[in-house]
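Trainee: what follows is a protein structure lacking sequence information:
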């Protein structure tokens, strides 16, 4: 049995970068920070932050690009993806684990209003891999 499912709740570390493939598919890339807090054996409060790159596609990508910005809270459902490439300068093999988003929820409400979770207005994207992007500015995944 195989399972590749990720649930994340965090905040965007940069404004979403929305672009389009040559065939017109929306692609939205951004970073998210996820915090973990705990108490050590001595009772001291500890915190660990994990930074992840996230990519969404299609209508969901457009919704994120339109409504979220750096610092926005978000709940993400997706899968892990290992990207591998050769460094153009050194020729060394490089790799990075990122998240391919499948759905998300807005978290929180308007300032001064009640906190609430809302499902994005965009439909869920397919879990199928999107077509490759053939431009020189694309990230290696």
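Mentor: Perfect, I can see it now. If you're wondering where the values come from, they're calculated on a predicted model, not measured in any experiment. Numbering: from 1, shown residues only.
Trainee: next one: the residue of the chain positioned farthest from its centre from residue 93, what distance?
Mentor: Distance from the C-alpha centroid of the chain peaks at residue 42, with 34.9 Å (C-alpha atoms, centre = their mean). For residue 42, the distance to residue 93 (C-beta to C-beta, to the nearest Å) stands at 41 Å. The way it works is simple: take the backbone N, C-alpha and C, and place the C-beta from them, glycine included.
Trainee: kindly report the same for residue 22.
Mentor: 28 Å.
Trainee: what residue is smack in the middle of the chain?
Mentor: Taking C-alpha atoms, centre = their mean, the centroid of the chain lies closest to residue 54, which sits 2.3 Å from it.
Trainee: show me what contacts that one?
Mentor: By C-beta atoms under 8 Å, 6 or more residues apart in numbering, the contact list for residue 54 reads 8, 29-32, 76, 78, 98-101.
Trainee: now swap in residue 86 and tell me
Mentor: 92-94.
Trainee: what's the answer for residue 94, then?
Mentor: So residue 94 contacts 84-87, 140 (C-beta under 8 Å, 6+ apart).
Trainee: rewinding a little: quick check, nearest of the contacts of residue 86 to residue 70?
Mentor: For the contacts of residue 86, the minimum distance to residue 70 (C-beta to C-beta) is 26.0 Å, reached by residue 94.
Trainee: could you measure from that closest one over to residue 84?
Mentor: For residue 94, the distance to residue 84 equals 7 Å [C-beta to C-beta].
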